[in-house]
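Colleague: starting from these lines, generate the structure:
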Amino acid sequence: MTAQDNDVPDDRLYTTEHEWLLHEDGIARVGLTAYAQEELGDIVFVDLPELGREVSFMGKLGEVESVKVASEIFSPAAGEISSINEKLQDTPELLNQDPYGEGWLVTIRLIGPLADELMDAGAYRKLIARLLGESA
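Modeller: I've put the predicted structure just below:
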């Protein structure tokens, strides 16, 4: 896989831990990037927070388990969980099949501005290129 091959939509912001955030009207839809799901392998279980729980920027949001490893998910924004993708309970493989669409994790009602540490798509592509040992 190369950074150029890796699907990185331009309409989102990204974390160094490979979560994405799509912001609209004070609500952030959150998911794992294509790079993250590729590194994890086949995802078999997703543990997400309950509705109404407050999360902090880069605080633990949940956990995913794959055939390879269990990995924490970190929140790309501070706020309150306003919805959870219930489909992931029965179909966790949606994270592998459609990480930027049907495989979203939660929505967060934002508290305050987005963190400056979030990257745009171009910066995230450069991060992936570095991780893959490519020239960006």
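Colleague: neighbours of residue 16, how many?
Modeller: A count of nearby residues for residue 16, using other CB atoms under 10 Å, gives 14. Just so you know, the C-beta spots here come from the backbone N, C-alpha and C atoms, and that holds for glycine as well.
Colleague: A strand includes it, no?
Modeller: No. In this structure, residue 16 is coil, not part of a strand, as judged by DSSP: H, G, I helix; E, B strand; the rest coil.
Colleague: what about the helices in this protein?
Modeller: For the chain, applying DSSP state H gives helices covering 34-40, 87-90, 94-97, 121-131.
Colleague: of those, which is nearest residue 21?
Modeller: helix 121-131 (11.2 Å; CB to CB).
Colleague: returning to that earlier point: out of the helices of the chain, the one nearest residue 62 is which?
Modeller: Of the helices of the chain, nearest to residue 62 by CB to CB is helix 87-90, at 9.7 Å.
Colleague: for that closest one, list every residue counted as buried.
Modeller: Neighbour counts over helix 87-90 (16 or more other CB atoms under 10 Å) mark residue 88 as buried.
Colleague: and that helix, what does it pack onto?
Modeller: Helix 87-90 sits against helix 94-97, with contacts defined as 3 or more CB pairs under 8 Å, 6 or more residues apart in numbering; DSSP states H and E.
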